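Chemist: Please work out how this folds:
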Amino acid sequence: MSSVGNKEKISRVALCGCVAALMFGVGCNEKTPVDTRAEEQTVRDLDVQWAKTAATRDVDATVAYYSDDATVSPPNEALATTKAAIRAGWAELLTPGNDISWQPSKVEVASSGDMAYSMGSYTLTMKDAQGNPVTDHGKYTEIWKKQADGKWKTVADMWNSDLPVVAPASAASAKGK
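Modeler: Residues are numbered from 1 along each chain as shown. As a prediction, the model looks like this:
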């Protein structure tokens, strides 16, 4: 065999060795998918327990499900970005005569195991200005994050109604003119 033939053979073997090493290196860097089913069940259970807590009208216990840096996006209101603002919003919702409940329909946990989201439906009954009960129903999305102590807390919470928007009284009366 000529020296050129040997060099080609050595080059091919070296190239194959480099490709194999590269593939092995890439394979070693891939993370094994984490089984998130237990975390998913934990978040689902927490969400169900949170709804039960809110049903007792215990504002402090209800707000305890949020992280210290949580943001709440209530419908037709400004963002609540402090625990005090979040507490004030819940205090308004959890008054006698009001009833709130929700149920998660979907929970997914990131493969990292430290972030999750929950989606579902809610029902809220409140008194109108005349004291008559008015029932709203809609959907919600919560983002959960595992805290440094291993506990799951909600870092973002948003909900909105499935009911059609009612025009303000001033707009409705202006149309009648």
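Chemist: Show the residue spans covered by the helices in this structure.
Modeler: Secondary structure of the chain (DSSP state H): helices at 3-29, 37-55, 59-63, 83-93, 169-175.
Chemist: Centroid-nearest residue for this protein?
Modeler: Centroid-nearest residue in the chain, with C-alpha atoms, centre = their mean: I143, separated by 2.0 Å.
Chemist: ok now do it, which residues does it touch?
Modeler: For I143, the contact set (C-beta atoms under 8 Å, 6 or more residues apart in numbering) comprises M115, A116, Y117, T154, V155, A156, D157. All C-beta atoms are positioned from the backbone trio N, CA, C, and that covers glycine.
Chemist: For these, give me TSV that also has distance to Q147, pLDDT and neighbour count.
Modeler: Output for the contacts of I143, formatted as TSV (distance: C-beta to C-beta, whole Å; pLDDT from 0 to 100; neighbours: other C-beta atoms under 10 Å):
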residue	distance to Q147	pLDDT	neighbour count
M115	11	98	17
A116	12	98	24
Y117	16	98	17
T154	11	98	23
V155	9	98	17
A156	14	98	18
D157	16	98	22
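Chemist: Tell me the one among these nearest to T36.
Modeler: Of all the contacts of I143, A116 has the smallest distance to T36: 8.1 Å, by C-beta to C-beta.
Chemist: Beta-bridge partners for that closest one, please?
Modeler: For A116, the beta-bridge partners are V109, W144 (DSSP bridges).
Chemist: Touching, it and V109? I think so.
Modeler: Yes: counting by C-beta atoms under 8 Å, A116 touches V109, with 4.2 Å between them.
Chemist: residues shared between the contacts of these two?
Modeler: E39, E40, V43.
Chemist: quick one, domains of this structure?
Modeler: Here the domain parsing of the chain from automatic domain parsing is 1-29, 37-161.
Chemist: about what we covered before: most neighbours among the shared contacts of A116 and V109, which one?
Modeler: V43 (23 neighbours; other C-beta atoms under 10 Å).
Chemist: With the flanking residues excluded, which residue is spatially nearest to it?
Modeler: Using C-beta to C-beta, 6 or more residues apart in numbering and skipping the chain neighbours, the partner closest in space to V43 is A116 (4.7 Å).
Chemist: Look up how far D35 lies from that neighbour.
Modeler: Distance from A116 to D35, counting by C-beta to C-beta, to the nearest Å: 14 Å.
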